[in-house]
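S.K.: Fold the following, please.
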Amino acid sequence: MVSKSTKKRQAVISFNKLILILLFVLSFTIVILVGLIITRLNSGSGNDIGPDSSIVDGGDSGDSDENGNGSGAEHGGGDHGGGAGNSGSSEASRLPTKANIQPTIDEWVNGTSGDKSVMVYDLERNEIAAHYDSMRNFNTASLYKLFVVYEGYRRLETGEWNADDTAGSTGHTILECLDLAIRESYSPCAETLWAMIGHSELDSIISNDFKIVNSYISGLFSNANDITEMMKLFYHHPDFNTSTLVERMKDSFLNQPVTTYDWRRGLPAGFSSATKVYNKVGWDWDADGGFWNLFHDAAIIETASGRHFIVVEMTHAVPLVKIKQLGSMLENVLP
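M.R.: Reported below is the predicted structural model:
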């Protein structure tokens, strides 16, 4: 006969075993659920940039115009040197359709005299959409201001610079100078900000922080590939997110009224009003030869459908009408 105490011990043991089994089943179920959730999150994550993302454009460079009026920017001062994350079938299915742009670039290149380099980058797909000789180095003209201005906004974000402090002897605040260096390609502001950063220091920042290694801004040379990387930084602006800075930056690249010069006479002039062109231009007009020694545009394009592309063209001795034509041809094929 089994005693009552023995039966009680057996009952306790059985109950404890049941609890252990239930805990094991519960733990196993949790592990399975967590695994399913992680898998779902990984398959659903992406790096898409919506229409409200920062898109930045640039002003014109400070050189003389086609009529030979002056050799500097509007206000004087002149120009120098006269991966995507994990991909899979589910992620790929969410990407917008790949744009067939290379034939258009090839057609433009084959029909255009002079030296040229082009890069078209699809920001939604995070890939090169088309290119031609994109590693060829050119004198930057005023595109050097892109590097100066981006670093300036970084310094405002960190507090190293104060937006309301006066920028040297320009008569403008630092924030005003960052704006004018793009909106009107105001060389005195750009030169002053560059000196405040330090020429060699900016070269180091470009290489080490921006990870742009094939440009030498102190020597005023770069290429369409590196300028595209710079425009990607402006678009994503990972180093500054203060809304007032972002909006000021965007506006200075988009709204550039005609002053002494028409700052949007190149690539932007080829697009219709249905397309937003955030552009920075750099030029050098050869008054003696009567041609554009240099004409560069670095733009972020927002199409009517909400797609975003970076377009960079760098040229030597290419007629202005051909730069405009490139814009018109691209608008016809950009989705």
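S.K.: Show me how far stretch 131-149 is from its chain's centre.
M.R.: Relative to its parent chain, stretch 131-149 has a centroid offset of 13 Å by Cα atoms, centre = their mean, to the nearest Å.
S.K.: average pLDDT across it?
M.R.: The pLDDT scores in stretch 131-149 average 98.
S.K.: Could you do stretch 231-247 as well?
M.R.: Here the average pLDDT along stretch 231-247 is 97.
S.K.: Then stretch 328-335?
M.R.: pLDDT averaged over stretch 328-335 gives 97.
S.K.: what does it rub up against?
M.R.: 96-97, 99-101, 104, 107-108, 120, 270-272, 275, 301, 303, 305, 307, 309, 311 (Cβ atoms under 8 Å, 6 or more residues apart in numbering). To be clear about C-beta, it is placed using only N, CA and C from the backbone, and glycine gets the same treatment.
S.K.: try 10 Å this time
M.R.: Stretch 328-335 has contacts (Cβ atoms under 10 Å, 6 or more residues apart in numbering) with 96-105, 107-108, 111, 118, 120, 122, 124, 129-130, 267, 269-272, 274-275, 277, 299, 301-309, 311, 313.
S.K.: For PyMOL, what selects the buried ones among the residues you listed?
M.R.: Here is the PyMOL command that selects only those of these that count as buried (16 or more other Cβ atoms under 10 Å):
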select buried, resi 99+101+104+105+108+118+120+122+124+129+130+267+269+270+271+275+277+299+301+302+303+307+308+309+311+313
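S.K.: Report the beta-bridge partner residues of residue 277.
M.R.: Beta-bridge pairing of residue 277 under DSSP bridges involves residue 301.
S.K.: got the contact list for it?
M.R.: Per Cβ under 10 Å, 6+ apart, neighbours of residue 277: 55, 57, 253-254, 264, 266-271, 297, 299-302, 311, 327, 331.
S.K.: now residue 130
M.R.: Contacts of residue 130 by Cβ under 10 Å, 6+ apart are 99-106, 108, 118-122, 309, 311, 330, 333.
S.K.: Name the SS class of it, please.
M.R.: strand (DSSP: H, G, I helix; E, B strand; the rest coil).
S.K.: Where do the helices of the chain begin and end?
M.R.: 4-44, 89-94, 102-110, 144-158, 174-183, 187-197, 199-208, 224-236, 243-254, 320-333 (DSSP state H).
S.K.: Low-confidence bits of this structure, can you list those?
M.R.: Counting by pLDDT under 70, the low-confidence segments of the chain come to 1-93.
S.K.: 90 - rerun?
M.R.: Scanning the chain for pLDDT under 90 picks out 1-94, 286-291.
S.K.: This completes my enquiry, with thanks.
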